[in-house]
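J.: Whatever this is, show me its structure:
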Amino acid sequence: MRRNAAFEYALLAMAVLTGSTATLAGVRISGSGAPVASEARVRYSAGANHACQVRRDGSVACWGGNLSGQLGNGSTTNQSVPVTVSGVTGAVAVAAGLGHTCALLVGGAARCWGGNASGQLGDGTTTQRVTPVQVMVRTPLPFGGFLDSPLSNVVQLAAGYDHTCALIADGGVRCWGGNTFGQLGNGTRNDALRPIVVPSFTLNIDPSVSPKANGRVTTVNILAVCDDGRQLHVDVVLTQGPASGKGVGQGQCTGRLESYPVTVAAHGPDRFLYGPARVEAQAIIREQGAIVDEQQWARNVEIESTL
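T.: Modelled structure (predicted):
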């Protein structure tokens, strides 16, 4: 995705998202995508039974229920007046969930505290935290192993019942925590203890399929938008009654909507005929060899006559 388009997306998302969300509406964003300290304004967020405020000096204060340590002051004692969250400076926004809280800091980092049974604090554990911890990202290394590093370039945070999501400056979204209902958006029901990428590319299938004259080979066009510089790999299955076939397609992403033709050959004795059929596509996006996105799509199509 081109940078200008990504920032337009980020600004649009910040304008329309509501709820327990740490917004940066009215906060200037630097060229690197991080919020600028001098533009920070007072922000509030209310959870299930607690509330928090970003003070003008960049500290955070919370009050209310504290059973899970969501006030961040090093205790689990309820507070009827605001208490200062320990160790948070340079905050520009705050998001309160059911029993956890997260703050967005100048520079685009994030810190969270409170309940963590589902990994909603994003520190790689399920340990309750009564003071803030840094949200960490785990990246696989090319020759094995992992690299843990702080989540960066965040422009917005949203906290739910037991999960948290971050909007990144390039327009991407990462989520972590509970996933019982699929709220992390990655196609599974597995909790995530660290931020994972929400599939951000758009995948679709052209409803018109073009056959060759002998009916043994067809062309399925995959439509996709993915970030410039990344690579698309897609596996396609075409079925029509007893006839079926598979094909593989690859292409370079451009940041714009592109069509990627995939040749599908029939397996077995049955041929493809003119008329309704079904296509299933599974696509992955790679960046420097590493898988960064994955998406599946299926739709009914029409094998059209070439006459």
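
J.: partners of V137 in the sheet?
T.: V137 has the following beta-bridge partners by DSSP bridges: S149.

J.: Report how many residues lie close to it.
T.: Neighbour count for V137, taken as other Cβ atoms under 10 Å: 19. In this view, the C-beta of every residue, glycine as well, is placed from N, C-alpha and C.

J.: Was I right to think it contacts N153?
T.: No. Between V137 and N153 there is no contact under Cβ atoms under 8 Å: 10.8 Å.

J.: how far does stretch 166-173 stretch from start to finish?
T.: 6 Å (Cα to Cα, to the nearest Å).

J.: Just checking the distance from that stretch to the centre of its chain.
T.: 7 Å (Cα atoms, centre = their mean, to the nearest Å).

J.: Just the pLDDT at E294, thanks.
T.: What the model reports as pLDDT for E294 is 85.

J.: neighbours around it, how many?
T.: Counted with other Cβ under 10 Å, E294 comes out at 16.

J.: unless I'm mixing things up, it is touching I284, no?
T.: Yes. Contact between E294 and I284 holds when scored by Cβ under 8 Å: they sit 4.9 Å apart.

J.: Which stretches in the stretch 51-200 of the chain count as helices?
T.: Per DSSP state H, counting those that start in this stretch, the stretch 51-200 of the chain has no helices. Nothing in it meets that criterion.

J.: Strands along that one, start to end?
T.: 60-64, 79-84, 91-96, 100-105, 110-114, 129-134, 136-140, 146-150, 154-159, 163-168, 173-177, 192-197 (DSSP state E, counting those that start in this stretch).

J.: What residues sit buried inside the next helix or strand after the last one?
T.: On the C-terminal side of strand 192-197, the closest following helix or strand by DSSP states H and E is strand 202-205. Neighbour counts using 16 or more other Cβ atoms under 10 Å place L203, N204, I205 of strand 202-205 among the buried residues.

J.: next one: strand 202-205 to chain centre, how far?
T.: 17 Å.

J.: thinking again about what came up before, name the stretch among the strands of the stretch 51-200 of the chain that sits most buried.
T.: Ranked by mean neighbour count under mean count of other Cβ atoms under 10 Å, those are led by strand 100-105, which reaches a mean of 30.

J.: In its sheet, which strands sit next to that strand, and in what direction?
T.: Strands that pair with strand 100-105, judged by DSSP bridges, come out as strand 91-96 (antiparallel), strand 110-114 (antiparallel).

J.: Give me the mean pLDDT for that strand.
T.: Throughout strand 100-105, pLDDT has a mean value of 97.
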